[in-house]
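**Student:** Turn this into a structure:
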Amino acid sequence: MKYIKSTSMIVTVILLVLILLWQMAAQFQWINGQLLGSPLGIYKSAVFGFSEQGTLIEDTWVTLVETVIGLVVGSSLGILMGLMLWFYPKVSDVAEQFSILLNSVPKIALGPLIIIWFGSGMSSKIWLAGISTFAVAMISACAAAREVDSDLLNLFKSYKADSMKIFKKLIIPASIPWIFSIFRINIGFALIGAVVGEFIASQNGLGHSVFVAGSLFDLNTVWLGVIVLTLMAAILTWVVQRIEKKVILWKVK
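**Tutor:** Just a heads-up that it's a prediction; the model follows:
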């Protein structure tokens, strides 16, 4: 515990020093502050964003909703399908290959299609976030079902347990740690899907804000958007970890 606290302190000090050096370099024109931004400029952009004229709160809320819904729906469907494929081992291999193929497709390439099919509103961003998480969830869930302890599986079979009982009493409980890992991994993919959709066609959201700011060479607002997205990912990861500790009691300590 003391080691973790000391490490956090060291990281905090290093970040503060880097921020101070960055501001000094921009202020004394050692670097081009217009091209690289500055901590003070980012702070001023944040103050404006939180003001009545700014849209930072609204943009953050829109991206958060798109990300969370896409994360939950896409991951849940992928996990459900991946676990259900345990009943069909032959189909599982084929489905897994299709999932790998889908996961290898750059989501930005699917963006225009999704926008055309579902419009430029929030639903298209949710679809992109969901698609970005589905394949990873399905592949990982398939692996989780296959990695169940063979000795436990044989024990259940020795007691004449049918497939449904094995699935409920063994496969699902053994897959719970994997499921939470899937959600943690997919937070980043869901964010990417939502932001990509906002880049392509949107009137709000952090992705739209960053895209517009970049077009205007407002690097401070771009940095602000990146920082908020990073904080959003960190908070969502923390929430998933807290839920995991509540569900999986043996992982608390």
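
**Student:** From now on I want contacts and neighbour counts done on CA atoms only, so please keep to that.
**Tutor:** Will do.

**Student:** Going by secondary structure, residue 46 is in what exactly?
**Tutor:** Counting by DSSP states H and E, the element that carries residue 46 is helix 39-50.

**Student:** Look at the closest residue to residue 201 other than its chain neighbours and say how many residues are nearby.
**Tutor:** If you skip the residues right next to it in sequence, residue 201 has residue 120 as its closest partner in space, 5.5 Å away by Cα to Cα, 6 or more residues apart in numbering. The burial count assigned to residue 120 is 18, neighbours taken as other Cα atoms under 10 Å.

**Student:** Ok, residue 94 next?
**Tutor:** For residue 94, the number of neighbouring residues by other Cα under 10 Å comes to 10.

**Student:** where in the stretch 151-253 of the chain is pLDDT low?
**Tutor:** Within the stretch 151-253 of the chain, the ranges that satisfy pLDDT under 70 run 249-253.

**Student:** where do the helices sit along it?
**Tutor:** 163-166, 172-200, 206-215, 219-247 (DSSP state H, counting those that start in this stretch).

**Student:** Tell me which of those sits most buried.
**Tutor:** Greatest average neighbour count among these goes to helix 172-200 (a mean of 22), per mean count of other Cα atoms under 10 Å.

**Student:** helices or strands up against it?
**Tutor:** Contact here means 3 or more Cα pairs under 8 Å, 6 or more residues apart in numbering; DSSP states H and E; on that basis helix 172-200 packs against helix 56-84, helix 107-118, helix 122-146, helix 206-215, helix 219-247.

**Student:** Mind exporting the C-alpha coordinates of whatever helix or strand comes next after the first one to PDB?
**Tutor:** If I follow you right, that is helix 56-84. Read in the C-terminal direction, the helix or strand following helix 56-84 is helix 89-104, with elements assigned using DSSP H and E. As requested, the backbone C-alpha atoms of helix 89-104 are provided in PDB (Å, rounded to 0.1, in the frame of the first residue of the first chain):
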ATOM      1  CA  PRO A  89     -18.200 -26.200 -30.500                       C
ATOM      2  CA  LYS A  90     -18.100 -26.700 -34.300                       C
ATOM      3  CA  VAL A  91     -20.000 -23.500 -34.900                       C
ATOM      4  CA  SER A  92     -17.800 -21.700 -32.400                       C
ATOM      5  CA  ASP A  93     -14.600 -21.900 -34.400                       C
ATOM      6  CA  VAL A  94     -16.300 -20.500 -37.500                       C
ATOM      7  CA  ALA A  95     -18.100 -17.700 -35.600                       C
ATOM      8  CA  GLU A  96     -14.800 -16.800 -33.900                       C
ATOM      9  CA  GLN A  97     -13.100 -16.400 -37.300                       C
ATOM     10  CA  PHE A  98     -15.900 -14.100 -38.500                       C
ATOM     11  CA  SER A  99     -15.500 -12.100 -35.300                       C
ATOM     12  CA  ILE A 100     -11.800 -11.700 -35.800                       C
ATOM     13  CA  LEU A 101     -12.500 -10.600 -39.400                       C
ATOM     14  CA  LEU A 102     -15.000  -8.100 -38.200                       C
ATOM     15  CA  ASN A 103     -12.600  -6.800 -35.500                       C
ATOM     16  CA  SER A 104      -9.900  -6.300 -38.100                       C
END
